[in-house]
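Undergrad: When you get a sec, could you give me coordinates for this:
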Amino acid sequence: MSQEPVDIKIYSKPLSTESSSVLIGFPGSGLVGSIALQYLVEQLEFTQIGSMNSKYFPPLAMMNKGVINVPVRIYEKDALSVIVADIPIHPMICYEVANGIMDWLMPFGIREVVTIAGIITNEPEKRVFGVASAGSALPRIQEKTLILPIGSISGIASSILTECKIRDIPAYGLLGETINAPDPRASAATIEVLNKMFDLSLDVQPLLEQAEEIEATMHKLAEQVQSAESMPKKEQLPMYG
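TA: Numbers count the residues shown, from 1 in each chain. This is a model prediction of the structure:
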């Protein structure tokens, strides 16, 4: 199936389950969402069902063992769907990308959307903060995260959450506490929250053991993210993207 909303091209099989929960991770602060969801789909053996491309995307492709990956991939297993990306999205096109994703998802009657991102605090705890698209949705994450009381939200994750709010789809942001460098430890913390939300029992110990290797290999991507998004100043309210 191919769909082309506003120059966002999605080539995918339809989701096989109604009321799917959709997890989304694009590179942002600490690459928290990308690392977490790529680890999840590999460890739990999700099936790739599609991909996404656009003339808006930066000319960057990651490779593994000599094989190129499509920069934005769609996976599925049971009632969970995952959209994970290797490329940063420039702020000027976040609206188009978020709309393209949500326009494609809407016919499938999805249950909820969960975005995984990073929040820069310069603290070492690796806590996970939570936000929701509506007050009525907060109880789902209230005891699993620290609810973010105030702060500014930026990047593709904020655009997706906004689109979900407008379309009345329950949506959540899981924000792993990080510095602006590849941070598998923050990713592991967000996975622990996903374990509680979806009863996944995904072991994060291998991810923690590979942290140094991952940090090194993801350094180039982190540089791309920094060039695509402006860094928050110390005196500003927390930002994530």
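
Undergrad: now the helices: where do they sit in this protein?
TA: With helices called from DSSP state H, the chain shows them at 32-43, 94-105, 139-142, 155-166, 184-198, 205-209, 211-217, 219-228.

Undergrad: quick one, which of those is packed in tightest?
TA: Burial of the helices of the chain is given as mean neighbour count (mean count of other C-beta atoms under 10 Å); helix 32-43 ranks first at a mean of 25. Backbone N, C-alpha and C define where each C-beta goes, glycine included.

Undergrad: just the angle between that one and helix 155-166, please?
TA: Inter-element angle recorded for helix 32-43 and helix 155-166: 80 degrees (by axes from the mean of the first three to the mean of the last three C-alpha atoms, to 10 degrees).

Undergrad: Show me what helix 32-43 packs onto, helices and strands only.
TA: If you count contacts as 3 or more C-beta pairs under 8 Å, 6 or more residues apart in numbering; DSSP states H and E, helix 32-43 packs onto strand 21-25, strand 80-85, strand 112-120, strand 171-178, helix 184-198, helix 205-209.

Undergrad: Tell me how far the longest one lies from the chain's centre.
TA: The chain centroid and the centroid of helix 184-198 are separated by 12 Å, computed with C-alpha atoms, centre = their mean, to the nearest Å.

Undergrad: doesn't Ile83 make contact with Phe46?
TA: No. Phe46 is beyond contact range of Ile83, at 11.2 Å (criterion: C-beta atoms under 8 Å).

Undergrad: so which of the helices and strands packed on helix 32-43 comes closest to Val131?
TA: Closest to Val131 of the helices and strands packed on helix 32-43, according to C-beta to C-beta: strand 171-178, at 4.3 Å.
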